[in-house]
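Asker: give me the fold of what follows.
(chains A and B)
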Amino acid sequence: DAKTTQPNSMESNEEEPVHLPCNHSTISGTDYIHWYRQLPSQGPEYVIHGLTSNVNNRMASLAIAEDRKSSTLILHRATLRDAAVYYCIFGYGGSQGNLIFGKGTKLSVKP
Amino acid sequence: NAGVTQTPKFQVLKTGQSMTLQCAQDMNHEYMSWYRQDPGMGLRLIHYSVGAGITDQGEVPNGYNVSRSTTEDFPLRLLSAAPSQTSVYFCASSLYSGLSYEQYFGPGTRLTVT
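Answerer: Have a look, this model is predicted:
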């Protein structure tokens, strides 16, 4: 199984940056790193994914360590709407690669 | 695009009843999958499909059947419902299989088996 290690929970203040860490020490060279989030009572929502280089999109940034054994999801300015469970997942980029979810990090955002 | 749609939103079944959870996507995605999420847990993969006519088992397939006769639809059938199948079910799709593509999730079906 593609196993990641994430903190169970984190807290942030509104409008401050948030750095969510993830360890994936068993990752292989063809594995992509994905981040999804799940707001209360909703389905998971794609946030960002990457292979080797750091990635940016309108929602967040993904910083991948040089050895690829860890990564950090960066929310540049947390809002109350960012309160969710964040899942870090890695898996094979080719066919037969499936998302295997762990328990994720529950992010709380204080006003 | 409507994205990924699921029906019904809520369902209550008695033990032993059967039913089909519907999932449809209008993005012409080849890959579709079903997950279940129990309270306080992450999602677990039930079945997936890499294209019309092709399905395979995930982590927790027992008690569920799937078929994929069209690209758009991927129904999940509960053959004989059991209380252990009380859960929230999510359908997802992506352009192709493999994690080089982002996946889109439906809003979920909340199922209770009494």
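Asker: bridge partners for the residue nearest to the spatial centre of chain A, pull those for me.
Answerer: Closest to where the C-alpha atoms of chain A average out (Cα atoms, centre = their mean) is A:Trp35, at 3.4 Å. Here A:Trp35 shows beta-bridge partners A:Ile48, A:Cys88, assigned using DSSP bridges.
Asker: ok, now B:Tyr31?
Answerer: Going by DSSP bridges, B:Tyr31 forms beta bridges with B:Ser94.
Asker: cool, the one 4 residues further on as well?
Answerer: B:Tyr35 has the following beta-bridge partners by DSSP bridges: B:Leu45, B:Phe90.
Asker: now for the least confident helix or strand in chain A by mean pLDDT, which elements pack on it?
Answerer: Sorted by mean pLDDT, DSSP states H and E, the helices and strands of chain A end with strand A:84-92, the least confident at a mean of 92. Strand A:84-92 makes packing contacts with strand A:18-23, strand A:31-38, strand A:70-75, strand A:105-110 when contacts are defined by 3 or more Cβ pairs under 8 Å, 6 or more residues apart in numbering or on different chains; DSSP states H and E. (C-beta placed from N, C-alpha, C; glycine too.)
Asker: go with 7 Å
Answerer: If you count contacts as 3 or more Cβ pairs under 7 Å, 6 or more residues apart in numbering or on different chains; DSSP states H and E, strand A:84-92 packs onto strand A:31-38, strand A:105-110.
Asker: CA atoms only: put that strand into PDB for me.
Answerer: The C-alpha trace of strand A:84-92 is given here as PDB (Å, rounded to 0.1, in the frame of the first residue of the first chain):
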ATOM      1  CA  ALA A  84     -11.100  20.700   5.900                       C
ATOM      2  CA  VAL A  85      -9.400  17.400   6.000                       C
ATOM      3  CA  TYR A  86      -6.400  17.400   3.700                       C
ATOM      4  CA  TYR A  87      -5.200  14.100   2.200                       C
ATOM      5  CA  CYS A  88      -1.700  13.500   0.800                       C
ATOM      6  CA  ILE A  89      -1.600  10.600  -1.500                       C
ATOM      7  CA  PHE A  90       1.100   9.100  -3.800                       C
ATOM      8  CA  GLY A  91       0.700   6.500  -6.500                       C
ATOM      9  CA  TYR A  92       1.700   5.200  -9.900                       C
END
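Asker: how far does that strand sit from the chain's center?
Answerer: Centroid separation for strand A:84-92 versus its chain: 5 Å, with Cα atoms, centre = their mean, to the nearest Å.
Asker: tell me the angle of that strand relative to strand A:105-110?
Answerer: Angle, strand A:84-92 to strand A:105-110, by axes from the mean of the first three to the mean of the last three Cα atoms, to 10 degrees: 150 degrees.
Asker: re the thing from before, is it true that the residue nearest to the centre of chain A touches A:Leu73?
Answerer: Yes. A:Trp35 lies in contact with A:Leu73 (Cβ atoms under 7 Å); the separation is 4.9 Å.
Asker: what touches both of these two?
Answerer: Common neighbours of A:Trp35 and A:Leu73 (criterion: Cβ atoms under 7 Å, 6 or more residues apart in numbering or on different chains): A:47-48, A:62, A:86.
Asker: for these, which one is nearest A:Ser41?
Answerer: A:Tyr86 (16.3 Å; Cβ to Cβ).
Asker: and chain B, which residues reach chain A?
Answerer: Proximity of chain B to chain A is confined to B:33, B:41-43, B:45, B:48, B:50, B:58, B:90, B:97-100, B:102-108 under the rule Cβ under 7 Å from any Cβ of the partner chain.
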